[in-house]
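# What follows is a protein structure lacking sequence information:
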């Protein structure tokens, strides 16, 4: 029996969760009543000058619990306008198995995103660029990724986040074009706060 790799097995459930979250958020947005917040209510989401902090995590393990992985991610962003955000993002992953030594990998990137404001539901599109590094088993390399996602506001300044990006690894600009077909999809589900 052919065994699917982790990326193939996880792609459908994660995309399903993002789509389901979007459908639920659209339903919540349609039923929202802004009048209940009184005169101070100005809508959901950022304004120019807002700061944003996001946090997400995930984990996995092998069938016999002989090894596994966990990942943490966070970002800090600044809104130059009501819709345009720039900032920095950091991901850390630790994995271990009975077949190899423990490994640490991380990426640190800067990003730019543009958001569409549909009140509680705010899709966005953007890109990021940075560096991947880690311990002995991880090659240090540049990374570039187009990204898209969805923020669903539960409160005026608190939201759930779903995002997908396609990371391309490179050592120089010629190498980036050659490696475009050998990238990886990265999915993020987390929570965020505006200040």
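The structure has been received and is ready for your questions. Note that the structure is predicted; figures quoted are calculated from it, not measured.

# what is residue 122 paired to in the beta sheet?
residue 151 (DSSP bridges).

# Surely it and residue 161 touch.
No: the pair residue 122 / residue 161 is not scored as a contact, 10.1 Å apart, by Cβ atoms under 8 Å. To be clear about C-beta, it is placed using only N, CA and C from the backbone, and glycine gets the same treatment.

# Now list whatever residues contact both of those two.
Any residue near both residue 122 and residue 161 by Cβ atoms under 8 Å, 6 or more residues apart in numbering counts here, and that gives 150-151.

# Strands along this structure, start to end?
For the chain, strands defined by DSSP state E occupy the ranges 51-61, 68-79, 84-97, 100-115, 121-134, 141-155, 158-170, 184-194.

# Tell me which of those sits nearest to residue 44.
With Cβ to Cβ, the closest approach to residue 44 among the strands of the chain belongs to strand 141-155: 3.9 Å.

# now for the closest one, which elements pack on it?
Contacts defined by 3 or more Cβ pairs under 8 Å, 6 or more residues apart in numbering; DSSP states H and E place strand 141-155 against helix 6-31, strand 100-115, strand 121-134, strand 158-170, strand 184-194.

# Report the distance from stretch 118-134 to the chain centre.
Centroid separation for stretch 118-134 versus its chain: 6 Å, with Cα atoms, centre = their mean, to the nearest Å.

# let's have the chain start at 90 instead
Sounds good: first residue 90 from here, last item stretch 207-223.

# Show me what counts as buried in that stretch.
209-213, 215, 217, 219, 221, 223 (16 or more other Cβ atoms under 10 Å).

# residues in contact with the closest residue to residue 214 other than its chain neighbours?
Closest residue in space to residue 214, ignoring its immediate chain neighbours: residue 237 at 4.8 Å, by Cβ to Cβ, 6 or more residues apart in numbering. Residue 237 makes contact with 212-215, 252-254 under the criterion Cβ under 8 Å, 6+ apart.

# If you rank every helix and strand of this structure by mean pLDDT, what lands last?
Here the helix or strand of the chain ranked lowest by mean pLDDT, DSSP states H and E is helix 95-120, holding a mean of 50.

# Quick one, grab the pLDDT at the residue nearest to residue 214.
Looking at residue 237, its pLDDT is 97.
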